[in-house]
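Participant: Quick one, what's the 3D model for this:
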Amino acid sequence: MIIVIVAGLISTFLANVQVVLLFAPVAMTLGRMVGLDPLVTSMIVAVAANHMGTALMLGDLPPLLLHSVAGAEFFDFLWFRGKPSSFFLLLASFLATLAVFYRVWLRPKDRRYSGDGLSYEKPIVLKAPAVTSVVALATLMILAAVRSSLGLPLGALAIIVAILTAAVLEVTRVFGKAVPGFDEVLKDVEWEALAFYVALFGLTGALEASGFFEEVSQHIAQIVASSTFLAYGFIYWVTAGLSMLVEHDALILVLLYMVKDIARAVAIDPWPYYWGIVWSSTLGSNATIAAAPTLYLALIMAEKEDHVRRSWKDWLRITLPFSLVSSAIHFILSIPFVF
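Facilitator: As a prediction, the model looks like this:
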């Protein structure tokens, strides 16, 4: 439970995939000591990382999309319009959902594994790049928190910090410290993911310029104008359902632009729907490996651990209930915040 909660908290400022790579092996090893299925422990780490990735602005892509489209700032995820915001609401729904499923999945069932035969390899930590990277991440978080005062785009701040980090590490390497070269670091960059998001923003921009979003928005503007509560529930659950089937980052970007156009057309406050889209799509994506890459990674790691291929039923019985329950709990908790 401690590992799962820590994994969720760390995912508020680290990429979800990195969190799974760090914590799933530890969770599976400890789970074996009490007879837990490696698929369960690996998947719970993945859904935890995904769940809390939207709590702050730097954890996952959805908060960055909300910043890009709607102008949300760092502190808006902590406190928004006089009320506790995304971080506290997601943390509450996360802990409540874990409490629901603890006895089902994480309660020790069989202590035939004593742990005596388990061995751990001490990780090799390169001190210079480790310290530099942690300082760089902390610096980026501070700059993101005061971004509006600096008047610089968030992307520009990230690029500046990245360039300075690379420069410091290169200088450190010149002085003989154990630091990987810049060319080695570039080999680990997920260029396919970067290309996907570049294409995604390009496609969405083209749809916006062509008037597609405005046309679609007019058809649902009447629902939104009639009742804020009904519209919020409608958008929340439709988004959650769609996010179970498609890659949720692309869906979020499209829906945020649509809500933006609807708000202009019928003169309503778009923020309840902005938050609802980001939250519901994140929680809904925990249902399937098609919607959340972190779940697919957790599945692969569990199969390698057990040397057994798992069917879709094996992981769906874990992810779908977690997604539905967390979405429902968060919907209830979000109503006082929205209204």
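Participant: can you pull the contacts of the closest residue to L140 other than its chain neighbours?
Facilitator: Using Cβ to Cβ, 6 or more residues apart in numbering and skipping residues adjacent in sequence, the residue nearest L140 is V161, 4.7 Å away. Every residue, glycine included, has its C-beta placed from N, CA and C. By Cβ atoms under 8 Å, 6 or more residues apart in numbering, the contact set of V161 is A136, T139, L140, L143.
Participant: ok, which pair from these is furthest apart?
Facilitator: A136 and L143 (10.4 Å; Cβ to Cβ).
Participant: And for V198, the neighbour number?
Facilitator: 10 (other Cβ atoms under 10 Å).
Participant: that older thread, what about the residue nearest to L140, distance to L137?
Facilitator: Per Cβ to Cβ, to the nearest Å, V161 is found 8 Å from L137.
Participant: same deal with L297?
Facilitator: 21 Å.
Participant: For these two, indicate the residue with more neighbours.
Facilitator: L297 (19 against 15).
Participant: give me phi/psi at that one?
Facilitator: phi -60, psi -40 (degrees, to the nearest 10).
Participant: Report the contact partners of the nearest residue to it once chain neighbours are set aside.
Facilitator: Distances taken as Cβ to Cβ, 6+ apart place V20 nearest to L297, at 5.3 Å, with adjacent residues excluded. V20 sits next to A7, S42, V45, A46, A49, T294, L297, A298, M301 when contact means Cβ under 8 Å, 6+ apart.
Participant: would M57 count as being in a helix?
Facilitator: No - counting by DSSP: H, G, I helix; E, B strand; the rest coil, M57 falls outside a helix, being coil.
Participant: For the host helix or strand of A7, enumerate the helices and strands it packs against.
Facilitator: Secondary structure assignment for A7, by DSSP states H and E: helix 2-10. Of the remaining helices and strands, those touching helix 2-10 by 3 or more Cβ pairs under 8 Å, 6 or more residues apart in numbering; DSSP states H and E are helix 16-33, helix 38-52, helix 86-101.
Participant: now with 7 Å?
Facilitator: helix 16-33, helix 38-52 (3 or more Cβ pairs under 7 Å, 6 or more residues apart in numbering; DSSP states H and E).
Participant: Could you give the average pLDDT over the first one?
Facilitator: It stands for helix 16-33. Average pLDDT, helix 16-33: 87.
Participant: Can I get it as CSV, trimmed to CA atoms?
Facilitator: Presented in CSV, the C-alpha positions along helix 16-33 are these (Å, rounded to 0.1, in the frame of the first residue of the first chain):
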residue,chain,number,x,y,z
ASN,A,16,3.7,7.9,-15.5
VAL,A,17,5.8,5.4,-17.5
GLN,A,18,8.9,6.3,-15.5
VAL,A,19,6.9,5.7,-12.3
VAL,A,20,5.8,2.3,-13.4
LEU,A,21,9.4,1.3,-14.4
LEU,A,22,10.6,2.4,-11.0
PHE,A,23,7.9,1.0,-8.7
ALA,A,24,6.3,-2.0,-10.4
PRO,A,25,9.4,-4.3,-10.0
VAL,A,26,9.5,-3.6,-6.3
ALA,A,27,5.8,-4.0,-5.9
MET,A,28,5.9,-7.4,-7.7
THR,A,29,8.8,-8.6,-5.6
LEU,A,30,7.1,-7.7,-2.3
GLY,A,31,3.8,-9.0,-3.5
ARG,A,32,5.3,-12.5,-4.1
MET,A,33,6.4,-12.6,-0.5
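Participant: And the one residue sitting closest to the centre of the chain, how far from K313?
Facilitator: Central residue of the chain (Cα atoms, centre = their mean): G53, 2.9 Å from the mean position. Remark: distance between G53 and K313 (Cβ to Cβ) = 26 Å.
Participant: thinking again about what came up before, can you tell me which of the helices and strands packed on helix 2-10 is nearest to V174?
Facilitator: Of all the helices and strands packed on helix 2-10, helix 16-33 comes closest under Cβ to Cβ, at 27.9 Å.
Participant: sorry, back to before: with T139 as the reference, measure out to the residue nearest to L140.
Facilitator: From V161 to T139 the distance is 6 Å (Cβ to Cβ).
Participant: tally of neighbours for the closest residue to A291 other than its chain neighbours?
Facilitator: What sits nearest to A291 in space, not counting adjacent residues and going by Cβ to Cβ, 6+ apart, is S285, at 3.9 Å. Neighbour count for S285, taken as other Cβ under 10 Å: 33.
Participant: you'd agree S285 is up against H51?
Facilitator: No - S285 is beyond contact range of H51, at 9.7 Å (criterion: Cβ atoms under 7 Å).
Participant: D60 - how many residues pack around it?
Facilitator: D60 has 26 neighbouring residues, counting by other Cβ under 10 Å.
Participant: just checking, it touches V17?
Facilitator: No - checked against Cβ under 7 Å, the pair D60 and V17 is beyond contact range at 10.0 Å.
Participant: And the residue nearest to A291, how close does it get to G53?
Facilitator: 10 Å.
Participant: low-confidence ranges in the stretch 51-200 of the chain?
Facilitator: In the predicted model of the stretch 51-200 of the chain, residues 107-123, 188-190, 192-193, 196-197, 200 satisfy pLDDT under 70.
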